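Asks: sequence? don't have it. structure:
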């Protein structure tokens, strides 16, 4: 009977709490949104299932070593790549190998939209400070506004590892919910006339320009923000593999098998880090709220700055201000959202290539912002 009683006390039913139920429901919602609505399924399916894995109730600290926060467990070893910022640079390598920077090279002024969208990072940073978070925690929370999950993980692993799970889940959640969050903000801030603006086709980009861009981009951005070197170094390296034309196998490996493997490991472990006994706190909920505000401000900042640029642009040089919303780092979903909204207004208006320019600029911008914050704050840790 003693053995039976112990077995019963070790079951999930005996250790189930309201927190576990809440998190399991959230995990199921993530999986539903990924499969039914197709919101970033490559992210939400691993994260949603990871939430289920992380919230199977068990007795902690009795030597079973199964929880993600228990030293020596398999999940803890896999989570090491998140805690030490190993997975984000590998994700950036794959992104670089998949990304065509032609639209940005052909119209460099659109990089300003990627920079403008980062305003959400710094405004949320100040809001988090006002709400009582430490300066390092506030910086890590603010980066959620860039809608760049790998950068959010990388920065929080350096500045606020105690908030890593909440920040990672918030960042990836808002990346996946781009099609829900951005359209109402874009429509609110633009008129129908503005949404109908047709931009002239991007000029052709030479092979030399494409190959030079990752080298010049690396030197310019990392000299300004050395803290971003692990991210931007891998991003531009992956892009050079793609554009050089002589390393196709390496580029294909980075863009397909490697990024897929890392995405699986990152998504599953980030989801599992939401273990209710550790994760479900008022602080985590507040981070979700601040993350949403940060992302909305970033979207609005990009749109409004595009409208501001139009004050100085004439004729067919004017921008469709919707592309400013793509200045957040959710590549390529944010660019697709802008393109789809343009198609609704005018089926002959193709905005995807134009929107990709601020979209990839946003990836660079959020990484630079993370490096700048590290440069300011690491000395006070």
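Replies: Received the coordinates, thanks. None of these values were measured; they are calculated from a predicted model. Numbers count the residues shown, from 1 in each chain.
Asks: Quick one: mean pLDDT for stretch 7-21?
Replies: For stretch 7-21, the mean pLDDT works out to 88.
Asks: Use 7 as the first number from now on
Replies: Shifting the count to begin at 7 puts that one at stretch 13-27.
Asks: Name the residues of that stretch that are buried.
Replies: Within stretch 13-27, the residues scored as buried using 16 or more other CB atoms under 10 Å are 25-26. Glycine gets a C-beta too; all of them are placed from N, C-alpha and C.
Asks: Now tell me what touches it from outside.
Replies: 61-65, 282-283, 286 (CB atoms under 8 Å, 6 or more residues apart in numbering).
Asks: ok, now with 10 Å
Replies: 11, 29-30, 60-66, 68, 70, 280-287 (CB atoms under 10 Å, 6 or more residues apart in numbering).
Asks: In the stretch 157-306 of the chain, where is pLDDT below threshold?
Replies: The stretch 157-306 of the chain contains no residues with pLDDT under 70.
Asks: now the helices for it?
Replies: In the stretch 157-306 of the chain, the helices defined using DSSP state H, counting those that start in this stretch lie at 170-182, 184-195, 198-201, 213-230, 235-250, 254-259, 265-278, 282-285, 288-316.
Asks: could the ones you listed go into CSV alongside mean neighbour count and distance to residue 141?
Replies: Listed next are the helices of the stretch 157-306 of the chain as CSV, based on neighbours: other CB atoms under 10 Å; distance: least, CB to CB, whole Å:
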stretch, mean neighbour count, distance to residue 141
helix 170-182, 27, 15
helix 184-195, 18, 27
helix 198-201, 14, 38
helix 213-230, 15, 21
helix 235-250, 23, 22
helix 254-259, 15, 40
helix 265-278, 22, 24
helix 282-285, 18, 23
helix 288-316, 21, 15
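Asks: ok so, going back, are any of the contacts of stretch 13-27 buried, and which?
Replies: 29-30, 60-61, 63-65, 280-286.
Asks: Next up, the contacts around the nearest residue to residue 310 once chain neighbours are set aside.
Replies: Spatially, and ignoring its direct neighbours in sequence, residue 310 is nearest to residue 195 (6.4 Å; CB to CB, 6 or more residues apart in numbering). Residue 195 is in contact with 305-306, 308-310, 312-313, 327-328, 330-331, counting by CB under 10 Å, 6+ apart.
Asks: just residue 131 next, same as before
Replies: Counting by CB under 10 Å, 6+ apart, residue 131 makes contact with 139, 141, 143-149, 151, 296, 300, 375, 379.
Asks: just residue 345 next, same as before
Replies: Taking CB under 10 Å, 6+ apart, one finds 328-329, 332, 338, 355-362 in contact with residue 345.
Asks: so where does it fall, helix or strand?
Replies: Here residue 345 sits within helix 339-351, counting by DSSP states H and E.
Asks: What about the contacts of residue 131, which are in helices?
Replies: Among these, the members falling in helices (DSSP state H) are 141, 143-148, 296, 300, 375, 379.
Asks: Farthest pair within the contacts of residue 195?
Replies: Using CB to CB, the contacts of residue 195 reach their maximum pairwise distance at 305 and 313, which is 13.2 Å.
Asks: so what sits against both of the two?
Replies: 195, 330.
Asks: how close does residue 176 sit to residue 364?
Replies: 23 Å (CB to CB, to the nearest Å).
Asks: so who does residue 62 touch?
Replies: 18, 21-22, 26, 30, 72-73, 278, 281.
Asks: sorry, that was for residue 54
Replies: Here residue 54 is in contact with 32-41, 47, 182, 273-274, 277 (criterion: CB under 10 Å, 6+ apart).
Asks: three-state assignment of it?
Replies: Secondary structure for residue 54, judged by DSSP: H, G, I helix; E, B strand; the rest coil, is helix.
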